[in-house]
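Novice: Need a 3D model of the sequence below.
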Amino acid sequence: MFESLPISKSSRKILASAVSEPPSGSLFVFVASGDIAFETACAYTEAVVPVAHRSSEVTIAVPSGDRWSKGDVEDRIHAPSLRASLSTPFVVVKDAHLMEQPTYDSLLKTIEEPANGCVFVLCTPDTSLLPKTYLSRASWVLDIGPLDEREAVARLVKEGAEKASATKAVSLCGDLLSLASMASKDQNLLNSCGVLALELPTEKPVSFATQACEHIEALASLYTKTLRIPDAQMKATSRQMCARVLLSLEHSLSKRLRDTSITPEEIESLSRRQERIDQARGMLWRYARIDMVTNESGVPEIMEIELTEPSLYLHLDAEAPIRAASVLASAAAATHK
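Specialist: Take a look at the predicted model:
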């Protein structure tokens, strides 16, 4: 029933059981990296809802941009949940972790008091990215396991890839299986995917990070254009790739820690790097936006700065808060002239 999904056998078994005996409750949370949670949620609702009712009783909710706005939540999640229903209606919410707290607050009552027995399926790469108020109300949290490497390689070979290319693509891309599928058939793309398997730098970490970000952005752009994915989703794709890079760096760090020749000083240094990796992973889904306008003299001015957590950005170096304050003060002074 779920054989086409790039997920583990145990996850398929759980889903099949949930089709036979659907869990109760109005809130499910599907957890997996990339788009796997979303694809799995769509497949599950299709399996549960009769074919004749799917078009009217399964709503696939996707944000119009790279984050959910209150307007999107109202139009694409809340309003569809109010429609009359002949059976249990579902609203599958892609990237449910990409909301601001006020947006979550506005949606909470809809989920707590669903109309017509509606079930909301929130898709996220990590439960820690959702508010605890939501997780405490979820009657089913499915942590979806990915295909193991052998199964993934076999799937790509079946699609027509050479085994060597498929093996390398899966090794580099991990659970980004659609990217691995493309890369296994395109040598240039496969070479570009090497950025996803970086090892810890021994020197010049800032230069290393800058170059890595540039390569990831280029890879994400190529990937989204090839699949004709909307530009608004490129940021989310970049985040997924960054998460893969962080995992690769973590594996490199763990390998070094297991080296019997490691010194106490190196252990301390690597421990600090692990803390940085953990911090970076938590920052992946943070949000920052700066809107600029050009005044009558042709001089660009800041119109609005929006940060989910300013300290995440302003603490990066000691002078950052001073620079930010100076820019804001200059913009304010220019406005009042």
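
Novice: Can you tell me how far M182 is from R281?
Specialist: Counting by CB to CB, to the nearest Å, the gap from M182 to R281 is 25 Å. For every residue, glycine as well, the C-beta is placed using N, CA and C.

Novice: For these two, indicate the residue with more neighbours.
Specialist: Set M182 next to R281 and count neighbours by other CB atoms under 10 Å: M182 wins out with 21 against 16.

Novice: Could you report the neighbour count for the residue lying closest to the more buried one once chain neighbours are set aside?
Specialist: Excluding the flanking residues, the one nearest M182 by CB to CB, 6 or more residues apart in numbering is L189, at 5.9 Å. Using other CB under 10 Å, L189 has 17 neighbouring residues.

Novice: model confidence over the host helix or strand of T45, on average?
Specialist: Per DSSP states H and E: T45 is located in helix 36-48. Helix 36-48 carries an average pLDDT of 93.

Novice: And the helices in the stretch 1-150 of the chain?
Specialist: 9-20, 36-48, 54-57, 70-73, 79-81, 101-112, 132-135, 149-158 (DSSP state H, counting those that start in this stretch).

Novice: Mean neighbour count added to those helices, as CSV?
Specialist: Output for those, formatted as CSV (neighbours: other CB atoms under 10 Å):
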stretch, mean neighbour count
helix 9-20, 14
helix 36-48, 21
helix 54-57, 15
helix 70-73, 16
helix 79-81, 18
helix 101-112, 15
helix 132-135, 14
helix 149-158, 16
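
Novice: Export the ones you listed as CSV, with columns for distance to V293.
Specialist: Below are those laid out as CSV (distance: least, CB to CB, whole Å):
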stretch, distance to V293
helix 9-20, 49
helix 36-48, 36
helix 54-57, 44
helix 70-73, 22
helix 79-81, 33
helix 101-112, 25
helix 132-135, 36
helix 149-158, 48
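
Novice: least reliable of these going by mean pLDDT?
Specialist: helix 54-57 - the lowest mean pLDDT of the helices of the stretch 1-150 of the chain, at a mean of 86.

Novice: Can you give the contact residues for that one?
Specialist: Here helix 54-57 makes contact (CB atoms under 8 Å, 6 or more residues apart in numbering) with 45-46, 49, 83, 85-90.

Novice: so how far is that helix off the chain centroid?
Specialist: In terms of CA atoms, centre = their mean, to the nearest Å, the centre of helix 54-57 is set 27 Å apart from its chain centre.

Novice: what's the answer for stretch 31-46, then?
Specialist: Centroid separation for stretch 31-46 versus its chain: 12 Å, with CA atoms, centre = their mean.

Novice: Identify the residues contacting it?
Specialist: Residues outside stretch 31-46 that contact it (CB under 8 Å, 6+ apart): 2, 4-7, 11, 15, 18-19, 28, 30, 54, 58, 60, 90, 92, 94-95, 121, 123-127, 141-144, 146, 175-178, 240, 243.

Novice: Could I have the buried ones of the contacts of helix 54-57 as ChimeraX selection syntax?
Specialist: Buried residues within the contacts of helix 54-57, by 16 or more other CB atoms under 10 Å, are selected in ChimeraX with:
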select :45,49,85,88,89,90
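
Novice: List the ones among the contacts of helix 54-57 that fall in strands.
Specialist: Using DSSP state E, F90 are the members of the contacts of helix 54-57 that sit in strands.

Novice: Reformat the contacts of helix 54-57 as CSV; add distance to A329.
Specialist: What follows is the contacts of helix 54-57, written out as CSV (distance: CB to CB, whole Å):
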residue, distance to A329
T45, 52
E46, 55
V49, 56
R83, 51
S85, 55
L86, 60
S87, 59
T88, 56
P89, 52
F90, 50
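
Novice: Surely the residue nearest to M182 and L222 touch.
Specialist: Yes. L189 lies in contact with L222 (CB atoms under 8 Å); the separation is 6.8 Å.

Novice: so after the helix ranked longest in the chain, what's the next helix or strand?
Specialist: In the chain, taking DSSP state H as the definition, the longest helix is helix 234-257. Using DSSP H and E, the next helix or strand after helix 234-257 towards the C-terminus is helix 264-283.

Novice: Identify the residues contacting that following helix?
Specialist: Counting by CB under 8 Å, 6+ apart, 128, 200, 242-243, 246, 249-250, 253, 256-257, 262, 312 sit against helix 264-283.

Novice: For those, name the two members farthest from one another.
Specialist: Taking CB to CB as the measure, the contacts of helix 264-283 span a maximum distance of 31.0 Å, between I262 and L312.

Novice: next one: the one helix or strand the residue nearest to M182 maps to to chain centre, how far?
Specialist: Assigned by DSSP H and E, L189 belongs to helix 187-192. Taking CA atoms, centre = their mean, the mean C-alpha location of helix 187-192 is offset from the chain mean by 23 Å.

Novice: which stretches of the stretch 101-250 of the chain have low pLDDT?
Specialist: Along the stretch 101-250 of the chain, segments meeting pLDDT under 70 span 202-203, 205-206, 226-234, 236.

Novice: follow-up on the earlier one: alpha carbons of the helix holding L189, in PDB - could you do that?
Specialist: Taking Å, rounded to 0.1, in the frame of the first residue of the first chain, the C-alpha atoms of helix 187-192 are listed here in PDB:
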ATOM      1  CA  GLN A 187      27.500  13.300 -13.200                       C
ATOM      2  CA  ASN A 188      27.800  17.100 -12.900                       C
ATOM      3  CA  LEU A 189      25.000  17.200 -10.400                       C
ATOM      4  CA  LEU A 190      26.500  14.300  -8.500                       C
ATOM      5  CA  ASN A 191      29.800  16.200  -8.300                       C
ATOM      6  CA  SER A 192      27.900  19.200  -6.900                       C
END
